[in-house]
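K.L.:
Provide a 3D model corresponding to the input given below.
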Amino acid sequence: RDLHGSEHSFPTRRSPDLALIFTASCTPEVEDAFDKPSPDRIAEAISETKDILTAAPNGWKMAYQGSGGFGGFNILCKFDKEDNVFCEEESDHAKATSHYTVQQGQGVLLSFDSFNAALHKYSDPVGKINGKSVGKDGKGFQGDFEFRVMSCTKDSIVLEGRKHGDRVVMTPMPEDLTWDSFFTQIATVASGMSSERYNIIIDKDTLPARMNLHTLHTTDKNGKAVAIPFIYTPQGIEVLKADSLNGRKLTAFTYSTDDKWVDPNDKSVMLSPRDITPLEAFFSDNWTINVGYSSTAEMNVWKAAAAYAASKNMEIVTVYFSTTPGFLSLSSYVGDNWGNLRTLYSTSGKDQITIKGFRPNPKGTANERNGAVFYNQYKLKDIANTFLVNGQATDYTLSIDNPKHPLWLRMTSNSHDEVSFVFYRGIWSADF
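P.N.:
Residues are numbered from 1 along each chain as shown. Model (predicted):
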């Protein structure tokens with residue numbers, strides 16, 4: 001079981017606070033616009049806006065983007081003349097039908113005025129995308145519900161977020177492309193282009209990059225951090241907006257099976273996946289001990305510690321390495337509390353780590369204080385000491401099962417190869 005999993009429910013009643021509102025002046029004919037009274041112009045614009053929304057026979061594709069430092073996600077929307085809109089989004093295919101209105105409000109407003117799961121998840125301050133909580137300080141994806149329409153035609157509707165200022169573009173879905181086929185194409189491209197690490201190649205410069213929630217993060221040749229938000233398309237990756245990178249403006253990367261994804265507008269710019277090193281993998285995620293695959297002698301110590309803690313009604317549910325606290329921690333969940341124990345270490349090369357010891361902090365954060373209690377009272381010290389062969393700092397070699405997407409990691413002592421710890425990616429219950 002994933003110990004960090006949580007459920008969050010939302011009200012299903014209609015609420016004006018959940019309205020997604022677009023501000024528009026959707027008037028194709030401009031030259032005679034001011035020959036008509038203002039109420040007539042607004043009424044005509046409202047009517048034209050609704051006509052454009054409902055005229056797309058296969059609905060609209062919305063390239064939705066928020067301001068939380070993430071890229072874009074595809075949301076498909078189908079409007080009908082009875083003021084209903086059906087939506088489906090790409091991350092976990094949430095689907096919902098809700099009510100919408102087209103009305104006056106500093107121009108023409110399109111309001112999703114009842115809860116829609118496919119849209120609201122991107123503005124929920126404690127929402128999840130691809131199964132992971134997003135954002136910080138209760139801000140989530142920071143998607144807008146109110147938009148100014150910068151342009152509106154039967155070919156595209158360009159929106160600007162009223163609160164965050166993000167650009168969102170709606171284009172009509174091709175009539176001969178089913179929604180299922182579209183999302184299948186998106187999933188195929190996303191899977192084919194998925195990697196733990198990347199290289200962005202510009203002429204002779206190779207810039208290492210990583211991806212997080214549809215954004216590539218890299219550093220230019222001058223050491224400046226650059227974020228490149230993008231959205232998946234059936235053709236590959238479309239860059240939504242980005243600072244220039246080494247003096248170049250990136251626009252897109254076309255997917256191909258040779259792992260050489262070229263910018264179609266600048267053939268000297270290419271994105272390629274690269275293998276992740278064992279050390280990079282170790283420090284990029286949480287790694288839970290796998291008792292059954294680790295060395296027997298060490299795991300006997302762990303089992304004895306778990307049995308002792310259980311006798312005190314303090315079950316050791318899991319033990320894992322994590323960098324989430326801001327330092328490398330031998331973390332645990334004991335009883336009903338999380339605990340962190342600072343790990344003293346050094347690294348070298350691509351796969352070498354030396355475990356030097358562990359430092360409990362009874363005056364630190366709540367989790368550090370818990371860790372100190374677990375260490376001193378519930379045998380976590382015995383567990384930690386198994387990493388120190390003969391009580392000494394111990395050099396280990398790290399290895400992973402898959403350099404593109406590792407799920408397993410092994411830590412083997414260089415001096416005593418019979419001492420080996422195996423970890424599974426993520427936070428899970430440990431089978432003691």
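K.L.:
Give me the residues contacting stretch 220-236.
P.N.:
If you take Cβ atoms under 8 Å, 6 or more residues apart in numbering as the criterion, stretch 220-236 is touched by 63, 65, 69-74, 90, 182, 185-186, 189-190, 193, 205, 207, 209, 214-219, 237-243, 245-246, 250, 252-255, 261. C-beta: built from backbone N, CA, C; applies to glycine.
K.L.:
Buried subset of those residues as a ChimeraX selection?
P.N.:
For selection in ChimeraX, the members of these meeting the burial criterion (16 or more other Cβ atoms under 10 Å) are listed in this command:
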select :63,65,69,70,71,72,73,74,90,182,186,189,190,193,207,209,214,215,216,218,237,238,239,240,242,245,246,250,252,253,254,255,261
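K.L.:
So which of the contacts of stretch 220-236 are in helices?
P.N.:
Using DSSP state H, the members of the contacts of stretch 220-236 that fall in helices are 182, 185-186, 189-190.
K.L.:
For the stretch 101-250 of the chain, just list every one of the helices.
P.N.:
Along the stretch 101-250 of the chain, the segments classed as helices by DSSP state H, counting those that start in this stretch run 117-120, 179-192.
K.L.:
which outside residues touch the longest one?
P.N.:
When contacts are taken as Cβ under 8 Å, 6+ apart, the neighbours of helix 179-192 outside the stretch itself are 58-59, 61, 74, 76, 88, 90, 93, 173, 232-237, 255, 257.
K.L.:
average model confidence for that helix?
P.N.:
Averaging pLDDT along helix 179-192 yields 97.
K.L.:
Output it as CSV, restricted to C-alpha atoms.
P.N.:
Extracted as CSV, the C-alpha positions of helix 179-192 are listed here (Å, rounded to 0.1, in the frame of the first residue of the first chain):
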residue,chain,number,x,y,z
TRP,A,179,-11.5,11.2,-28.7
ASP,A,180,-10.3,7.7,-27.7
SER,A,181,-7.9,7.7,-30.7
PHE,A,182,-6.6,11.1,-29.8
PHE,A,183,-5.8,10.1,-26.2
THR,A,184,-4.3,6.8,-27.4
GLN,A,185,-1.9,8.8,-29.7
ILE,A,186,-1.0,11.1,-26.8
ALA,A,187,-0.3,8.2,-24.5
THR,A,188,1.9,6.5,-27.2
VAL,A,189,4.0,9.6,-27.7
ALA,A,190,4.3,10.3,-24.0
SER,A,191,5.4,6.7,-23.3
GLY,A,192,7.9,6.8,-26.2
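K.L.:
next one: that helix to chain centre, how far?
P.N.:
Using Cα atoms, centre = their mean, to the nearest Å, the mean C-alpha position of helix 179-192 is found 18 Å from that of the whole chain.
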